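Novice: show me how the following folds:
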Amino acid sequence: QVQLVESGGGLVQAGGSLRLSCAASRRTVNGAVHWFRQTPGKEREFVAAITWSGIMTYYADSVKGRFTISRDNAKNTVYLQMNSLKPEDTAVYYCNVLPMVSRTPSDFGSWGQGTQVSVSL
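Specialist: Numbers count the residues shown, from 1 in each chain. You can find the predicted model right below:
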């Protein structure tokens, strides 16, 4: 079973940028890697996903044009470049993998620790 570890979170001012990393313990063969985020009291929400080939990417409307997902299969790592950050982007960000793309959190198995992103005014 592949293990995923998120990193790269932090505190940034509105308008700033962060790059999150999702490192896999082994090659995510035929796996689409996803980013979700969650704030206290709210359901985990889809942010972005990328297919194994990297050809297809998917974004939530709220981040489209600001966030970019990419993958380096040689490093077994997926990145989420977040630009023009807003306070409403504040959340714990999680990555996970499925054979196909899904925007439904319950389709996934266990989740990791995530990485905290905090955006101040």
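
Novice: and Asn30, what pLDDT?
Specialist: If you check Asn30, the pLDDT there is 66.

Novice: try Arg26
Specialist: The per-residue confidence score, pLDDT, reads 75 for Arg26.

Novice: tell me the contacts of the residue nearest the centre of the chain?
Specialist: Nearest residue to the geometric centre of the chain (Cα atoms, centre = their mean): Trp35, 2.4 Å. Neighbouring residues of Trp35 by Cβ atoms under 8 Å, 6 or more residues apart in numbering: 20, 22, 46-49, 69, 78, 80, 93-95. Where C-beta positions appear, they are placed from N, C-alpha and C, glycine not excepted.

Novice: how about those in TSV, adding distance to Tyr58?
Specialist: TSV is the format used below for the contacts of Trp35 (distance: Cβ to Cβ, whole Å):
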residue	distance to Tyr58
Leu20	16
Cys22	15
Phe46	8
Val47	10
Ala48	6
Ala49	5
Ile69	8
Val78	13
Leu80	12
Tyr93	16
Tyr94	16
Cys95	14
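
Novice: between those, which sits nearest Tyr59?
Specialist: For these, the minimum distance to Tyr59 (Cβ to Cβ) is 5.0 Å, reached by Ala48.

Novice: the closest one belongs to a strand?
Specialist: Yes - assignment of Ala48 by DSSP: H, G, I helix; E, B strand; the rest coil places it within a strand.

Novice: beta partners for it?
Specialist: With DSSP bridges applied, Ala48 shows beta-bridge pairing to Trp35, Tyr59.

Novice: sorry, back to before: now, of the contacts of Trp35, which are buried?
Specialist: 20, 22, 46-49, 69, 78, 80, 93-95 (16 or more other Cβ atoms under 10 Å).

Novice: please consider this matter closed, and thank you.
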